[in-house]
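Engineer: Okay, predicted coordinates and the sequence, questions at the end:
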Amino acid sequence: MPSTSPALDVRPYDALMLYSFGGPDRPEDVVPFLRNVTAGKGIPDARLEEVGEHYYAFGGKSPINEQNLALKGALEKELAERGIDLPIVWGNRNWAPYTTDAVDELEAMGARRAVALVTSAYSSYSGCRQYREDLAVVLDQRGQLGPDGSTGVQFDKLRAYFNTPGFVQGNVDAVTEAFAALAGKGGDPAAARLVFVTHSVPTTMEAASGVGHATYSEQHLDIAALIAAQVGEALGHPVDWELAYCSRSGPPHQPWLEPDVNDLLGTLADRGVRDVVLSPIGFVSDHMEVAYDLDTEALDTARSLGMTAVRAGTVGTRAVFVKQLVDLVLERAAIARGESVDEATVGAFPAFPSITPNDCCLRVHEQPSGIPALCSEDMHR
Ligand SMILES: CC1=C(CCC(=O)O)c2cc3nc(cc4[nH]c(cc5[nH]c(cc1n2)c(C)c5CCC(=O)O)c(CCC(=O)O)c4C)C(CCC(=O)O)=C3C
Ligand SMILES: [Fe+2]
């Protein structure tokens, strides 16, 4: 039974759904996985073949599934330590266990209402709405979509958590450690440039992102400034920083957010920067974009430019981050019960809403998608 102590009350939720992207576990999975990811998205074949090679270079196995299992284990431990009885089910948009498997599991355990934790910290189509659309499609296939939805599991979602204290602190700790590692490699921390990295998105997706508070890039810039300032305090000297992007896809004529991290490294090298710390604040774990685009490609670029570079860790299963996620579950539960709550945030922006405006983060700016998305004002039930 859920605890009824106020600080530990997770009513009305019966379960937490850890909702992620998914990735292949073996070489035979790579092509079917990429087909799932790219259905109807107009990604050129050449890009797909290239991305397939990234996976084959790692034995056809993405690190993402093991990382999600580790996060699930860490969350279970944190919940147990706080005396909170809330089972966790895991589902992915693009690979097994799929969204529909997670919904099956919820039904099998008799769950009526679940709260979803998406493994993306920022508000954008790819990091928020696409998850809510896919969940709506799955419920629709089961005949469980609609404002009353009385037959199916009812879903809520945690708010975007990029601007929460635990996410920012986890990154501050990881970056501070990376500056120490840079010194260990003979680099000069006092002269090093801190380069934050996130996933690029088309500029149309950027324009449509962020609930009217702040776009995808503005969300990153806001916490990047905070992280750099706090790292500077820890190190005792100011830290110069930049935001760069990785993992661009799509056709060449389509504009995406820039600069690409490799191009930025070239620019910095031209300006005489010799030492770099890369901090992948756009990602919550060291999955394939980090393992390939940063650890393989960007670190190679830095090496060929004669730079000393260290890649900081992602928040992963850091205790401060896992605690924050559990705090967010308690916060969302209190909101669902109609209680007034203090939504802890850091930086310039308010807490992003957990029930989003209907047209928030559409795939193409100002063009309603026609696809319902769960946890939006209309679909909230
Ligand atoms: C903002 C964002 C995040 C959020 C950051 C986060 O959640 O961490 C994210 C996460 C991920 N993206 C991932 C993989 C892929 N993303 C692709 C394609 C795309 N991503 C996009 C954006 C994002 N993606 C976009 C705008 C596209 C173009 C197509 C479209 O408009 O949707 C493609 C197709 C080939 C290619 O173009 O690269 C693949 C294989 C994996 C799994 C990694 C693993 O296996 O470990 C993860 C976690
Ligand atoms: Fe992606």
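Structural biologist: Thanks, I have it. Numbering: from 1, shown residues only. Ligands and ions are numbered 1, 2, ... in the order given.
Engineer: could I get the strand or helix carrying V30 in PDB with only the CA atoms?
Structural biologist: Element membership for V30, per DSSP states H and E: helix 30-38. Extracted in PDB, the C-alpha atoms of helix 30-38 (Å, rounded to 0.1, in the frame of the first residue of the first chain):
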ATOM      1  CA  VAL A  30      20.400  -2.400 -35.600                       C
ATOM      2  CA  VAL A  31      18.500  -2.000 -38.800                       C
ATOM      3  CA  PRO A  32      15.100  -2.800 -37.400                       C
ATOM      4  CA  PHE A  33      15.800  -0.300 -34.600                       C
ATOM      5  CA  LEU A  34      16.800   2.400 -37.100                       C
ATOM      6  CA  ARG A  35      13.600   1.700 -39.100                       C
ATOM      7  CA  ASN A  36      11.600   2.300 -35.900                       C
ATOM      8  CA  VAL A  37      13.300   5.500 -35.100                       C
ATOM      9  CA  THR A  38      13.100   7.000 -38.600                       C
END
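Engineer: What separation do you get for L235 and L226?
Structural biologist: 15 Å (Cβ to Cβ, to the nearest Å). Placement of C-beta: from N, CA and C, glycine included.
Engineer: that older thread, for the helix holding V30, the averaged confidence score.
Structural biologist: Mean per-residue pLDDT for helix 30-38: 93.
Engineer: got it, and stretch 102-119?
Structural biologist: 97.
Engineer: From the chain's centroid, how far away is it?
Structural biologist: 20 Å (Cα atoms, centre = their mean, to the nearest Å).
Engineer: hmm, back to that, close to ligand 1, is the helix holding V30?
Structural biologist: Yes. Against ligand 1, helix 30-38 shows contacts by Cβ under 6 Å from any ligand atom at 34, 37-38.
Engineer: Next, count neighbours for A70.
Structural biologist: 14 (other Cβ atoms under 10 Å).
Engineer: what about it, distance to G91?
Structural biologist: 16 Å.
Engineer: and if you look at A174?
Structural biologist: 27 Å.
Engineer: In terms of packing, which of the two has more residues around it?
Structural biologist: Higher neighbour count among A174 and G91: G91, with 26 against 23, using other Cβ under 10 Å.
Engineer: Checking my notes, the more buried one in a helix, right?
Structural biologist: No. Counting by DSSP: H, G, I helix; E, B strand; the rest coil, one finds G91 to be strand, located in no helix.
Engineer: mind listing the strands for the stretch 251-381 of the chain?
Structural biologist: 275-279, 308-311 (DSSP state E, counting those that start in this stretch).
Engineer: Just the mean pLDDT for the longest one, thanks.
Structural biologist: Spelled out, that is strand 275-279. pLDDT averaged over strand 275-279 gives 98.
Engineer: Show me what that strand pairs with in its sheet, parallel or antiparallel.
Structural biologist: strand 193-199 (parallel), strand 308-311 (parallel) (DSSP bridges).
Engineer: Most tightly packed of these?
Structural biologist: Sort these by mean neighbour count, taking mean count of other Cβ atoms under 10 Å, and strand 193-199 sits at the top with a mean of 25.
Engineer: Alpha carbons of that strand, as PDB, please.
Structural biologist: The C-alpha trace of strand 193-199 is given here as PDB (Å, rounded to 0.1, in the frame of the first residue of the first chain):
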ATOM      1  CA  ARG A 193      37.400  26.100 -22.100                       C
ATOM      2  CA  LEU A 194      34.200  24.400 -20.900                       C
ATOM      3  CA  VAL A 195      32.200  23.200 -23.900                       C
ATOM      4  CA  PHE A 196      28.600  22.100 -23.100                       C
ATOM      5  CA  VAL A 197      27.100  19.800 -25.700                       C
ATOM      6  CA  THR A 198      23.600  18.800 -26.500                       C
ATOM      7  CA  HIS A 199      21.700  17.100 -29.400                       C
END
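Engineer: quick one: is it near ligand 1?
Structural biologist: Yes. Applying Cβ under 6 Å from any ligand atom, one finds strand 193-199 touching ligand 1 at H199.
Engineer: How about residues contacting that strand?
Structural biologist: 122, 126, 175, 220, 224, 227-228, 231, 239-247, 261, 264-265, 268, 273, 275-283, 289, 294, 298 (Cβ atoms under 8 Å, 6 or more residues apart in numbering).
Engineer: remind me which residues of the stretch 251-381 of the chain are low pLDDT?
Structural biologist: Applying pLDDT under 70 to the stretch 251-381 of the chain flags the ranges 365-369, 380-381.
Engineer: At the contact with ligand 1, which residues of it appear?
Structural biologist: So the stretch 251-381 of the chain meets ligand 1 at 282-284, 287-289 (Cβ under 6 Å from any ligand atom).
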